[in-house]
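The following block contains a protein sequence and its predicted model.
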Amino acid sequence: MSARALVTTLITLLFMQRVMANPEAELERAAFTRSLLLSPVQAIAGIERDFPVSSQMPSTLALRMGELYLVYGMPQAAEDTFAGVLARESGPELTQRAWFYLAKLHYQRANYVEAHAALGRMRGPSTANDKLMLAQVLLAQGDARRAVQVLSAINDKDKSPAINYNLGVALLKAGETTAAEAALRKAGEHQTKLEPDASFVDLAWLGLGYQYLSAGDRQKAAESFNAVRRSDAYWPQAELGLAWAGFRPQISNDAPVSAQSPVADDLASIEHLLALASLHTNGQDYAGAVDLYQQAVTALSQEQDKISAFSQVLSSKGVVAFIPDTAGMTGSGWRRFVPLPANAQASSYLGALWLRNDWQETIKNYLDLQDLKRGIEGQRQRLASQQVAEQEAALSRRLQTLDSQLMQAHKNHEAALKKLALESVENQRQDAAAMLATARLGLAAAYDRMVTGGSQ
Amino acid sequence: MGIVSTNLWSSLIRLCRCATAALALGAGLVFAGPDRAAPDLAGLSAQAERLKRTAIEIERDLQILEQARRSDKPMSQVAIMAPWSLAKRLSGLRLQTGDDQSELSHPLSFRGEKHDNEMVLIWMSVLPEGKYRAVLDITSGTPSNCQGALQVRPAEREHVFEFKVGQRNNVAYCELREWR
């Protein structure tokens, strides 16, 4: 026997020994490998092919299948699979995970009573994430006090920024502001660059800033707002908070307001100008207020033109032109999050939509359907190579039907995305119009007071 | 991101805007737009899931065909039809193999509104030769039970079966027939 054949035989024997020792673990590993290497459709179909008898699929693999359905955006299939795991009385750990996922599915659909019931069915020790899920459900049901109890029971070492942030929110809602500030500060001081923790750190600083602002502590509010990352989607809200607190962003000595203003290049920045102008009026610096209101009026007039121009582009090209993944980046298809458009204007006007779960889900489905449509030609070629005329004809018909259904569904998704985007832009146009009216009124009032020496 | 967070900012931002603006200007900034009928995103999501399910079934059958070709195992395309009056009351189809009575569970394929006497496709797949029993899970109404034998012969590459419903001595019945 050659050395190469010997090595091959040894590897095969070792592999067989592992499979025989723990076949379930091996199957799960195979399924996991498949999910990394293949497209979602090929991976899921392959497991369904190998395990046509769903009740005979090992519970560990069934749970993994549920997760695959979840990630691929098939919530109904995921729910059925987790229910199947529970129906066959799997072990306590798997049962626990299945109830957790069912609770998560109900929570995502805002069915809080069912989510609460599913979490109530979990037995045995619960993890920090289980408790976080329960607290979120309780908060959604308006029971902040119990949410505080649940989150407070988590060991400090297990408290992620998400947990401390939610604890801060629950405490605020329960009226315990001092404890809330401590929890939010703890979340904010967490050192990380990894998502989603980094976003929760920003959220905590933002929440803390607005809490200090409503309590009248502008200095601490400004410190909190300045801790939010400038690159983050939450920065405009922090910037606005800074304006209301009477501070400019990115200043080293936290100097109070001066006539110097930020560059107004979007609605958030212009709202910042209005906030500064109102604070100048309040401080009886009417000349400064007039200057800022004039800048705001000019910026808002230009902004209205920019919004109209973007709306026209959106009407003619649709949202598709701004979705990053449509520019040829197909990937493996296991997408979880669609990044913000690279185009600055689209990012500015559609950014708020991009943070919505239902918008993300619709775009993800739009791209998934696009992948399916692209894959049909490959399936046709594979089918033709089988050279079995009858089956080829039947499967070809099914592929043809799917192709036309995909085309229609794709159009429906595209139309819905465009409608939502245009509505969002229209809302911003109306916001700009309302802000322009406010700016003109403020300008007139400040001008009157300036020329009359503030006697009016 | 938690749902909680958005609600919190909104209320805090509203609170701060109203308080500070009222102090400074004597009026709050109101940015609400008019309500419009939103697109049915939940409906679109369900449509996308149905198409993904169909694509997975086709891919699975294609993989079965490829596997069968590699192993030279005879396979046949099998379709099962049922009248819409029965199909709309079904929650599932269980296919039991003749050998060990194990079950092959697959989602049903029919969609949309149909006429009661119209035959609709409820299931389609590729099966190896052999004897099976098809059991329909019926949610309500009569007949409450529907099952029948199904034979896949190697010589025939395509089989179409249909569930027929009717009345016998004022009792609703159901049977499975093959279209020849």
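Perfect, I can see it now.

list the helices and strands the strand or helix carrying B:L95 packs on?
Using DSSP states H and E, B:L95 sits in strand B:90-97. With contacts defined as 3 or more C-beta pairs under 8 Å, 6 or more residues apart in numbering or on different chains; DSSP states H and E, the packing partners of strand B:90-97 are strand B:103-106, strand B:119-128, strand B:130-138. In short, each C-beta sits where N, CA and C put it, glycine included.

That strand to strand B:130-138, inter-axis angle?
Relative orientation of strand B:90-97 versus strand B:130-138 (axes from the mean of the first three to the mean of the last three C-alpha atoms, to 10 degrees): 160 degrees.

Could you list the residues in contact with the strand or helix carrying A:A147?
A:A147 belongs to helix A:144-152 when assigned by DSSP H and E. Residues from elsewhere that reach helix A:144-152 (C-beta atoms under 8 Å, 6 or more residues apart in numbering or on different chains): A:131-132, A:134-136, A:138-139, A:163, A:166-167, A:170-171, A:173-174, A:176.

hang on, the earlier thing: which positions within the strand holding B:L95 qualify as buried?
The neighbour-count check on strand B:90-97 (16 or more other C-beta atoms under 10 Å in any protein chain shown) flags B:90, B:93-97 as buried.

Adjacent strands (with direction) for that strand?
Note on strand B:90-97: by DSSP bridges, its sheet partners are strand B:103-106 (antiparallel), strand B:130-138 (antiparallel).

Now do that strand against strand B:119-128, angle only.
Using the same axes, to 10 degrees: strand B:90-97 against strand B:119-128 is 30 degrees.

Any stretches of chain A with poor pLDDT?
In the predicted model, chain A carries pLDDT under 70 at residues A:1-37, A:124-125, A:231-233, A:248-265, A:325-332, A:336-337, A:387-391, A:454-456.

quick one, domains of it?
A:159-242, A:265-456 (automatic domain parsing).

Take these and lay them out in JSON lines including distance to chain B.
As requested, these are exported to JSON lines (distance: least, C-beta to the nearest C-beta, whole Å):
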{"stretch": "domain A:159-242", "distance to chain B": "4"}
{"stretch": "domain A:265-456", "distance to chain B": "3"}
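
so of those, which one's packed in deepest?
Highest mean neighbour count among the domains of chain A (mean count of other C-beta atoms under 10 Å in any protein chain shown): domain A:159-242, with a mean of 21.

From start to finish, how long is that domain in a straight line?
In domain A:159-242, first residue to last residue: 29 Å (C-alpha to C-alpha, to the nearest Å).

Okay, helices next: where are they in chain B?
B:3-25, B:41-71, B:84-87 (DSSP state H).

Name the residues of the last one that are buried.
By 16+ other C-beta under 10 Å, the buried positions in helix B:84-87 come out as B:84, B:86-87.

what's the average pLDDT for it?
Across helix B:84-87, the average pLDDT comes to 84.

May I have it as PDB, with CA atoms only?
Extracted in PDB, the C-alpha atoms of helix B:84-87 (Å, rounded to 0.1, in the frame of the first residue of the first chain):
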ATOM      1  CA  TRP B  84     -60.800  23.000  -4.500                       C
ATOM      2  CA  SER B  85     -63.700  22.300  -2.100                       C
ATOM      3  CA  LEU B  86     -61.400  19.700  -0.400                       C
ATOM      4  CA  ALA B  87     -58.100  21.400  -1.000                       C
END
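
tell me which strands and helices it is in contact with?
strand B:119-128, strand B:158-168.

contacting residues for the closest residue to A:A118 other than its chain neighbours?
Leaving out its chain neighbours, the residue that sits closest to A:A118 by C-beta to C-beta, 6 or more residues apart in numbering or on different chains is A:A103, at 3.8 Å. Shown in contact with A:A103 (C-beta under 8 Å, 6+ apart): A:115-116, A:118-119, A:122, A:133, A:137.

and if we set it to 6 Å?
Going by C-beta atoms under 6 Å, 6 or more residues apart in numbering or on different chains, A:A103 touches A:115, A:118-119, A:133.

Please, where are all the helices along the stretch 51-200 of chain A?
Ranges of helices in the stretch 51-200 of chain A, per DSSP state H, counting those that start in this stretch, are A:59-71, A:75-87, A:92-108, A:112-120, A:128-140, A:144-152, A:161-173, A:177-188, A:197-215.

coming back round to it: can you tell me which of the helices and strands packed on strand B:90-97 is most buried?
With a mean of 19, the top stretch among those by mean neighbour count (mean count of other C-beta under 10 Å) is strand B:119-128.

Pick the one among the contacts of helix A:144-152 closest to A:W235.
A:N166 (21.6 Å; C-beta to C-beta).

Quick one: residues contacting the closest one.
A:A135.

quick one: A:L369 is in a helix?
Yes. Under DSSP: H, G, I helix; E, B strand; the rest coil, A:L369 sits within a helix.

That one contacts A:Q408, correct?
No. Counting by C-beta atoms under 6 Å, A:L369 stays clear of A:Q408, with 10.0 Å between them.

Quick check: which ranges of chain B have low pLDDT?
B:1-37, B:71-73, B:98-117, B:155-157, B:180.

try 80 this time
For chain B, the stretches with pLDDT under 80 are B:1-39, B:67-77, B:91-92, B:97-121, B:123-126, B:128, B:154-158, B:179-180.

May I see the domains of it written out as residue ranges?
B:1-30, B:75-178.

Do me a favour and get the end-to-end distance for the last one?
When the termini of domain B:75-178 are compared using C-alpha to C-alpha, they are 17 Å apart.

correct me, but A:L279 touches A:W244?
No. Counting by C-beta under 6 Å, A:L279 sits too far from A:W244 to count as a contact (8.0 Å).

where's A:H272, which helix or strand?
helix A:267-282.

Which strands and helices lie in contact with that helix?
Counting contacts by 3 or more C-beta pairs under 6 Å, 6 or more residues apart in numbering or on different chains; DSSP states H and E, helix A:267-282 is packed against helix A:235-245, helix A:286-317, helix B:3-25.

Noted, bye for now.
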